[in-house]
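Peer 1: Here is my input; please provide its structure:
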Amino acid sequence: MSGPVSRGTNIHFFLARVEQARVEGDEATLQHVRERFRRSEAAWSALADKAQRSERLRLEEVERRAEAGMRRGDDEDLPEA
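Peer 2: Residues are numbered from 1 along each chain as shown. Presented below is the predicted three-dimensional model:
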């Protein structure tokens, strides 16, 4: 790979695979093939859900750390008594 992969790219990739499995499952004529695509769709969907949750938690942590840093920084600006 030429550079770092963004987390959003992973989520988009997973969601694209969900859609692909859904379409191919809808087009399948054999029952066992449809079932295989439905399992694939569920697996990709689970990966997308986990990636979205991880990204949300990461952003919450970044925000929490930024707020904690601002609170510490505010204390340093107070005049000494």
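Peer 1: wait, isn't Leu47 in contact with Ala16?
Peer 2: No. When contacts are counted by Cβ atoms under 8 Å, Leu47 is not listed as touching Ala16 (11.6 Å). For the C-beta atoms, the positions are set from N, CA and C on the backbone; glycine is no exception.
Peer 1: name the helices or strands packed onto the helix or strand of the chain with the lowest mean pLDDT?
Peer 2: The weakest-scoring helix or strand in the chain, judged by mean pLDDT, DSSP states H and E, is helix 31-76 (a mean of 91). Contacts defined by 3 or more Cβ pairs under 8 Å, 6 or more residues apart in numbering; DSSP states H and E place helix 31-76 against helix 7-27.
Peer 1: next one: the helix it packs on to chain centre, how far?
Peer 2: Put simply, helix 7-27 sits 13 Å off its chain's centre (Cα atoms, centre = their mean, to the nearest Å).
Peer 1: ditto for stretch 25-37
Peer 2: Distance of stretch 25-37 from its chain centroid, counting by Cα atoms, centre = their mean, is 27 Å.
Peer 1: Now do the end-to-end distance for that stretch.
Peer 2: 5 Å (Cα to Cα, to the nearest Å).
Peer 1: how about it: buried residues?
Peer 2: 25, 37 (16 or more other Cβ atoms under 10 Å).
Peer 1: Enumerate every residue touching the nearest residue to Leu47 once chain neighbours are set aside.
Peer 2: Nearest non-adjacent residue to Leu47, counting by Cβ to Cβ, 6 or more residues apart in numbering: Phe14, 4.7 Å away. Counting by Cβ atoms under 8 Å, 6 or more residues apart in numbering, Phe14 touches 44-45, 47-48, 51.
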